[in-house]
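Asks: using only what follows, build the 3D model:
(one chain, ligands or ions: 1)
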Amino acid sequence: MKIEVVATAQQVSEKLTEGKSVVVIDVLRATSVITTALMNGSGPVYPVETIEEAEKLFKKFESGTALRGGERAGKKIAGFELGNSPLSYIPDVVGGKSIIISTTNGTKAIRNSHKSNSLYLVCFLNLIFASRLLAAKVNGLVIVCSGTNGNFSLDDALCAGMLIDEIGKHTEVKTNDLGQIVRSFYCQEGSIPEKLRNCTHLNYLQSIGYNADVDYCLQTHVYDCLPQLRSEGFITL
Ligand code: MLT
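Replies: A predicted model of the protein is given here:
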């Protein structure tokens with residue numbers, strides 16, 4: 001399988017993703033949040049880029065059937081019901097509700113991949129299941145690392161490396177140069193938290209009090225699901 005890795009949401013072009021199978025990764029925290037919401041029984045999750053889009057879409061839902069979530073600079077958006085902490089997307093809160101989510105980088109990466117043929121979300125939480133399913137389902141893949149504010153981010157890169165390595169256990173893979181680097185970074189000695197100790201965005205989230213989110217998002221093999229974008233939003237496979 002041919003796998004191409006893209007370093008940031010801003011580097012995604014229509015040319016690169018049109019008609020392809022695309023995986024978006026935003027470990028800290030958008031793809032971890034969406035995966036958690038779906039596994040905790042939410043309805044479809046709608047990614048939107050701006051707060052205005054979120055408000056417009058929210059108005060279309062019957063009262064009490066949808067929630068707005070997301071962040072700016074890691075913090076909850078004023079007036080929204082939820083922030084971007086996966087630990088707040090619990091069954092009692094999200095069960096049966098549609099979620100409209102807007103984040104700085106993750107939903108941008110999703111939006112910039114809108115020409116893809118199929119669009120999936122991966123984070124460490126669902127990576128093992130996702131790798132098995134993707135190896136069986138697709139012939140080629142573009143992995144979009146969301147990055148942070150236009151910069152390369154180590155958390156997404158490590159997750160992309162692990163995804164390539166896991167897919168490589170099921171089928172032969174050939175990657176672009178970035179794919180080779182991230183895979184060899186993942187294959188080096190050391191646990192995931194050790195490798196990400198000095199990751200800029202991880203350190204930022206810790207500095208604003210989200211240590212528990214970080215610990216949660218770095219766990220592997222938690223969920224057997226693969227969120228996929230359909231016309232009604234993200235649902236799980
Ligand atoms: C994003 O999409 O930029 C992230 O999810 C930011 C965050 O950690 O909340």
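Asks: does anything pack onto the helix or strand that contains residue 22? Which helices or strands?
Replies: Assigning secondary structure by DSSP states H and E places residue 22 in strand 21-25. Judged by 3 or more C-beta pairs under 8 Å, 6 or more residues apart in numbering; DSSP states H and E, strand 21-25 is in contact with helix 106-112, strand 118-122, helix 127-137, strand 140-145, helix 154-167. Every residue, glycine included, has its C-beta placed from N, CA and C.
Asks: among those, which is nearest the ligand?
Replies: Among those, the nearest to the ligand by C-beta to the nearest ligand atom is helix 106-112 (3.2 Å).
Asks: which elements pack onto that closest one?
Replies: strand 21-25, helix 30-39, strand 45-47, strand 140-145.
Asks: list the buried residues of the helix or strand bottoming out on mean pLDDT in the chain.
Replies: Taking mean pLDDT, DSSP states H and E as the measure, the chain has helix 14-17 as its least confident helix or strand, at a mean of 92. By 16 or more other C-beta atoms under 10 Å, the buried positions in helix 14-17 come out as 16-17.
Asks: which helices and strands does it pack with?
Replies: Packed next to helix 14-17, using 3+ C-beta pairs under 8 Å, 6+ apart, are strand 140-145.
Asks: give me the angle between the strand it packs on and strand 21-25.
Replies: Relative orientation of strand 140-145 versus strand 21-25 (axes from the mean of the first three to the mean of the last three C-alpha atoms, to 10 degrees): 20 degrees.
Asks: returning to what we had before: which of the helices and strands packed on helix 106-112 sits closest to the ligand?
Replies: helix 30-39 (3.7 Å).
Asks: what is the neighbour count of the nearest residue to residue 175 once chain neighbours are set aside?
Replies: Using C-beta to C-beta, 6 or more residues apart in numbering and skipping residues adjacent in sequence, the residue nearest residue 175 is residue 3, 4.7 Å away. Neighbourhood size, residue 3 [other C-beta atoms under 10 Å]: 23.
Asks: thinking again about what came up before, let me have the helices and strands packed on helix 106-112 in TSV, extended by mean pLDDT.
Replies: Shown next, in TSV, are the helices and strands packed on helix 106-112 (pLDDT from 0 to 100):
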stretch	mean pLDDT
strand 21-25	98
helix 30-39	98
strand 45-47	98
strand 140-145	98
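Asks: for the nearest residue to residue 210 once chain neighbours are set aside, grab phi and psi.
Replies: The shortest distance from residue 210 to any residue other than its chain neighbours is 6.5 Å, reached at residue 85 (C-beta to C-beta, 6+ apart). Residue 85 adopts backbone torsions of phi -90, psi 120, taken as degrees, to the nearest 10.
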